[in-house]
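Asker: Task: produce atomic coordinates for the following.
(2 chains)
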There are 2 protein chains.
Amino acid sequence: MSLWDLIRFNADGLVTAIARDAKTGRVLMAAFMNREALEKTLATKTAHYYSRSRKKLWLKGESSGHVQQVLHLYIDCDGDAVLMDVEQEGAACHAGYFSCFYREITSLDEEPVIAEERIFNPEQVYKNS
Amino acid sequence: MSLWDLIRFNADGLVTAIARDAKTGRVLMAAFMNREALEKTLATKTAHYYSRSRKKLWLKGESSGHVQQVLHLYIDCDGDAVLMDVEQEGAACHAGYFSCFYREITSLDEEPVIAEERIFNPEQVYKNS
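Answerer: Numbers count the residues shown, from 1 in each chain, chains lettered A, B, ... in the order given. Sure thing, here's the model as predicted:
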């Protein structure tokens, strides 16, 4: 029974893909993979996703250098999500935070609370790139 | 700026929802929430999801008792995923594992490896229920 027997892509050919920092256990990001992204991720041990906005394969960190080395990849019980333990280069979030989940929601109507320190200021890092 | 200004539901009115065990940092499951599931989760501090197969609101653990108490809820940078730190009652996975991500994929063509011990045998637990 291979991966392709277990995986259940949705109508758009995608599964949920979650990256977790292997050292701290922090959840870094959630995105999607198509079949090609899964193949590339397993073959290169570097996280690839499918960008729904750009409609193409997306090597995480291809422009920022913030790549993710994949140590382990798990599939969930119903086959519609994968989880990776990764070594994150730099920061996962383009907004300059280690994790994309840097804002805590405490109630429906209140402002979100910034729950972690920013590693870099994207306006300064990207302005000359 | 409230949650509703930040959240970006997809065409089906859903966002990715991830539950993480607050004690161990283990990622337990990935599913989806609609607006009602998010409202119920924040109001009750108990994880609610939207079941795509049953097309209805789903209180996690409503039949098994394996509920998730929500300690923190985070939203990601682009507003299409939420992450919860939870206290998991029993096991997250209906197959009897603490996490739904209990199978590791090491290559495209090999059998998955069971990466954690099963907590209960669902055939024994559910046969009389």
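Asker: Find the closest residue to chain B in chain A.
Answerer: In chain A, the residue that lies nearest chain B is A:Gly25 (2.7 Å; C-beta to the nearest C-beta). To be clear about C-beta, it is placed using only N, CA and C from the backbone, and glycine gets the same treatment.
Asker: What count of nearby residues applies to that residue?
Answerer: 14 (other C-beta atoms under 10 Å in any protein chain shown).
Asker: Please tell me I have it right and it contacts B:Arg26.
Answerer: Yes. A:Gly25 is within contact range of B:Arg26, at 7.4 Å (criterion: C-beta atoms under 8 Å).
Asker: Point out the other helices and strands that the lengthiest helix in chain A packs with.
Answerer: The longest helix of chain A (DSSP state H) is helix A:35-44. Under the contact criterion of 3 or more C-beta pairs under 8 Å, 6 or more residues apart in numbering or on different chains; DSSP states H and E, helix A:35-44 touches strand A:48-51, strand A:56-59, strand A:68-75.
Asker: got the angle for the last one vs helix A:35-44?
Answerer: Yep, that's strand A:68-75 we're talking about. The directions of strand A:68-75 and helix A:35-44 differ by 110 degrees, with axes from the mean of the first three to the mean of the last three C-alpha atoms, to 10 degrees as the criterion.
Asker: Could you tell me the average pLDDT over strand A:68-75, please?
Answerer: Averaged across strand A:68-75, the pLDDT comes to 98.
Asker: For that strand, buried residues please.
Answerer: Buried positions in strand A:68-75, judged by neighbour count with 16 or more other C-beta atoms under 10 Å in any protein chain shown: A:68, A:70, A:72-75.
Asker: same question, stretch A:44-52
Answerer: Within stretch A:44-52, the residues that count as buried by 16+ other C-beta under 10 Å are A:46-50.
Asker: ok, now which ones touch the residue in chain A sticking out farthest from the centre?
Answerer: No residue in chain A sits farther from the centre than A:Asp109, which is 27.8 Å out by C-alpha atoms, centre = their mean. With contact set as C-beta atoms under 8 Å, 6 or more residues apart in numbering or on different chains, A:Asp109 has these partners: B:2-3.
Asker: could the buried residues of strand A:68-75 go into a markdown table alongside distance to A:Leu57?
Answerer: Below are the buried residues of strand A:68-75 laid out as a markdown table (distance: C-beta to C-beta, whole Å):
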| residue | distance to A:Leu57 |
| --- | --- |
| A:Gln68 | 15 |
| A:Val70 | 15 |
| A:His72 | 22 |
| A:Leu73 | 17 |
| A:Tyr74 | 21 |
| A:Ile75 | 20 |
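Asker: Please report phi then psi for the residue nearest the centre of chain A.
Answerer: Per C-alpha atoms, centre = their mean, the C-alpha nearest to the average position across chain A is that of A:Met29, at 4.0 Å. Main-chain torsions, A:Met29, degrees, to the nearest 10: phi -170, psi 160.
Asker: before we move on, the earlier item: reformat the helices and strands packed on helix A:35-44 as JSON lines; add distance to B:Leu6.
Answerer: Shown next, in JSON lines, are the helices and strands packed on helix A:35-44 (distance: least, C-beta to C-beta, whole Å):
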{"stretch": "strand A:48-51", "distance to B:Leu6": "21"}
{"stretch": "strand A:56-59", "distance to B:Leu6": "23"}
{"stretch": "strand A:68-75", "distance to B:Leu6": "25"}
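Asker: Would you format the ones you listed as JSON lines with distance to chain B included?
Answerer: Shown next, in JSON lines, are the helices and strands packed on helix A:35-44 (distance: least, C-beta to the nearest C-beta, whole Å):
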{"stretch": "strand A:48-51", "distance to chain B": "11"}
{"stretch": "strand A:56-59", "distance to chain B": "13"}
{"stretch": "strand A:68-75", "distance to chain B": "4"}
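Asker: right, so of those strands, which gets closest to A:Phe9?
Answerer: Across the helices and strands packed on helix A:35-44, A:Phe9 has its closest neighbour in strand A:48-51 (10.5 Å, C-beta to C-beta).
Asker: and that closest one, which strands flank it?
Answerer: Strand pairing for strand A:48-51, determined by DSSP bridges: strand A:56-59 (antiparallel).
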